[in-house]
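Colleague: below: sequence and its predicted model.
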Amino acid sequence: MSPIDFDIAHMLAGLLVLISFLELYQDRLYALLNVYAAHALVLALSVAWQAFIQDAPHLYVTAVIALVFKAAVIPVALHRIIVRLGIHRGIEKVVSIGMTMLAGMGLVALSLVVMLRVTQQAGRLAQEDLAFALSVVLLGLLMMVTRRNAVGQVVGFMSLENGLVLAATGAKGMPLVVEISVAFSILIAFIVIGIFLFRIRERFDTVDVQVMDSFRGEHR
Amino acid sequence: MIVNAVTAVLVIPAFAAMLLAALPGYRLTARINVLATALTLLCALSLFFGRPAAGAYLIVDDLNATFIVLTTFVGFTTSVFSASYIGHELDIGRLTPPFVRFYHAMYQVLMFAMNLALVANNIGLMWVAIEIATLTTVLMVGIYRTHEALEAAWKYFILGSVGIALALFGTILVYMAARPVVGEGLDAMVWSVLVTRAGAFDPALLDLAFIFLLLGYGTKVGLAPLHAWLPDAHAEGPTPISAVLSGLLLNVALYALLRFKMLLAANPGALAPGPLMVSLGLLSLVFAAFMLYRRRDIKRLFAYSSIEHMGIITFAFGMGGPLANFAGLLHMTMHSLTKSAIFFAVGHVAQVKGTQRIADMGGLTETHPLLGWGLILGVVAIAGLPPLGIFMSEFLVVSSTFARAPLLAIVLVLGLLVALGGLFLRLNSIAFGEPRGPAAKAQASYVPMFAHLFLVLIAGIYMPPALVAWFQNVAGLLG
């Protein structure tokens, strides 16, 4: 592998982590969706680059799915749902932005320390890729726990899933990557349709999950 | 290869799902549902007598044959129960015909997904199957479309999705560990290949993979810090789904975990998965046992009891060794049969009383003797009293633990006793005392419930030597 191949793959994966941080401090739903679209776009580029340098044409399918479905269809659909259901556009946070960013940095450091040490036999590219992928996964989780809005949590889940796709494409020659990314797309489509069909807004008068949690099981 | 028993346990539910999605009419579809699960059960039973060789995608060995037969059996009896349960829901208008059609199709998709997860030899395929099973159960939990049902479905959805996402990361790491040894491509995800070559894998990578898999599939098993979705999903969905969730889906997730535990056991340098599973199991047991005391909803009560028992089973498998594995397998089988029988009873009880609130039901043995005594028998069984099957499996778990780690056994026994108290406290107010709530006749099908309880009773009194030998053999496989 030539150094430039590695550098570009490295840069794209790093960019994905950076955009995950951008997602962490958005406080408007529309802006969050735009940043998520950028996240998916960078993922598509990264997967396409991996397909090119690994000479694995089937990965282009995953790249196209990321580009069309995640970077275009899903953000547009969520945007329309927000308008249609009249969802409050602000994002309620559990923890302040500063604390969230600090926690995020801690998580990235953790994943670098763990993954770089553990994957020493896996080859340099895979090593870096997995470390970045775990960072994206952990940042996605962090986003899910620090948001109260259903839509915010869904975006957190989707960027978590982008991290998984990054890991799967970084694992050279892994079979079933395309099938797994299709399975995940179905899952996400379900979530988005779920928000709409279940009419979380109508049923709960809010997409603030804390209000949804009114019954917590035993208040009956 | 085209038609054999392994493909049949997948093709029959898949075909039935399409058929049921297309057919209107409740009576016909309920019968087709029963027929399809019965056929699947027959095919599964034939796996005891002859089975095809393992391929790149599918495998049948003694371990998963046990799980498949248990799954298809409880799937069959639940479909019989479901026919009368759903009929009643249709009569009172809680479900409409289009939803019933959807429900039946989803029931078969769930059977398909669970069977696929059990026969999958490819760890990626196994993951996809568990994802499908999660999605179908999410849809079924939300089927009543009430505030609580949607909320439970959403909670289950988000937590379940995070769980399977973590499991996928673990799966990718397993592939990364296997790649330098097995080589690139399909073989590095085939479980039967992995387990023979696991000794040469990088132990550090395998350890990390197992942590993710334990957290991921452990969420689906309902182990204690990750269990939050389970009581809601059990309480708000239709009762046949509660029975299948508790009796089967939790086992399927545990089965996935066991397969990876076998991988780690084959690698001398990897961490021992046992202590992790033991501590999660004990935590689930003790936590759920205390949670039993303040339940007001009858289905949530038994959902917590499921967490407790999955804790015991995970604990037993975590202890490992022939005796503890034997006890774990036996306990899993007994728990599946007993818990689904309890949910059959609870489903009809909730229907005749028109509520799931424990405070609004009472004196069940007077108003509905068959249901009442069935429920009592089920609770006696699940609490682990002799002479029923769970007593025997719990006794084995406890005695094998006393021999090796007496301190753990004390915690275990404490948890079991606390749970016993909690269950009987609640049972007392449901089954005895002044009759409360409507006393209308129940339109119930008692056969599945008593069939399960009968099997549990038989197992407690006399285990056929062939069955004992079979379980010993499987316990040996688990290492």
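Modeller: Nice, I can see it. Numbering: from 1, shown residues only, chains lettered A, B, ... in the order given.
Colleague: so where's the stretch 101-250 of chain B uncertain?
Modeller: Within the stretch 101-250 of chain B, no stretch falls below the threshold (pLDDT under 70).
Colleague: need the contact list for whichever residue of it sits closest to chain A.
Modeller: Closest to chain A within the stretch 101-250 of chain B is residue B:184: 3.0 Å, counting by C-beta to the nearest C-beta. Quick note: C-beta positions are derived from backbone N, CA and C, even for glycine. Contact partners of residue B:184, counting by C-beta atoms under 8 Å, 6 or more residues apart in numbering or on different chains, are A:172-173.
Colleague: again, only using 6 Å
Modeller: Contacts for residue B:184 were tallied using C-beta atoms under 6 Å, 6 or more residues apart in numbering or on different chains; they are residue A:173.
Colleague: ok, now the one 4 residues further on?
Modeller: When contacts are counted by C-beta under 6 Å, 6+ apart, residue B:188 touches B:175, B:178-179, B:182.
Colleague: what's stretch B:340-358 in contact with?
Modeller: Contacts with stretch B:340-358, where a contact means C-beta under 6 Å, 6+ apart, come from B:74, B:81, B:85, B:88, B:239, B:242-243, B:247, B:296-299, B:302, B:361, B:371, B:374-375, B:378, B:437, B:440, B:442, B:444, B:448-449, B:452-453.
Colleague: between the contacts of residue B:188, which sits nearest residue A:80?
Modeller: Taking C-beta to C-beta as the measure, residue B:175 is the one of the contacts of residue B:188 closest to residue A:80, at 37.8 Å.
Colleague: what helices or strands is the longest helix seen in chain A leaning on?
Modeller: The single longest helix within chain A, with elements called by DSSP state H, is helix A:29-54. The contact analysis (3 or more C-beta pairs under 6 Å, 6 or more residues apart in numbering or on different chains; DSSP states H and E) places helix A:29-54 against helix A:3-24, helix A:59-65, helix A:74-84, helix A:150-170.
Colleague: now do the last one, average pLDDT.
Modeller: To tie it back to what came earlier, the one meant is helix A:150-170. The average pLDDT within helix A:150-170 is 88.
Colleague: so it versus helix A:3-24, what angle?
Modeller: Going by axes from the mean of the first three to the mean of the last three C-alpha atoms, to 10 degrees, helix A:150-170 is angled at 170 degrees with respect to helix A:3-24.
Colleague: show me what residue of the stretch 251-400 of chain B gets nearest to chain A.
Modeller: residue B:296 (5.8 Å).
Colleague: tell me, how many residues neighbour that residue?
Modeller: 16 (other C-beta atoms under 10 Å in any protein chain shown).
Colleague: give me the distance between it and residue B:231.
Modeller: 12 Å (C-beta to C-beta, to the nearest Å).
Colleague: for residue B:289, same thing?
Modeller: From residue B:289 over to residue B:231 (counting by C-beta to C-beta), the distance is 14 Å.
Colleague: what of residue A:148?
Modeller: Noted for residue A:148: a distance of 22 Å to residue B:231, by C-beta to C-beta.
Colleague: can you pull the buried residues of stretch A:187-195?
Modeller: A:187-188, A:190-192, A:194-195 (16 or more other C-beta atoms under 10 Å in any protein chain shown).
Colleague: quick check: of those residues, which lies closest to residue B:57?
Modeller: Of the buried residues of stretch A:187-195, the one sitting nearest to residue B:57 (C-beta to C-beta) turns out to be residue A:187, at 21.2 Å.
Colleague: which phi and psi does the closest one have?
Modeller: Reported as degrees, to the nearest 10, the phi and psi values for residue A:187 are phi -60, psi -50.
Colleague: gap between it and residue B:168?
Modeller: Residue A:187 is 11 Å from residue B:168, by C-beta to C-beta.
Colleague: any weak-confidence spans in chain A?
Modeller: A:1, A:195-220.
Colleague: counting neighbours, which of the contacts of stretch B:340-358 end up buried?
Modeller: Using 16+ other C-beta under 10 Å, the buried ones in the contacts of stretch B:340-358 are B:74, B:81, B:85, B:88, B:239, B:242-243, B:247, B:296-299, B:302, B:361, B:371, B:374-375, B:378, B:437, B:442, B:444, B:448-449, B:452-453.
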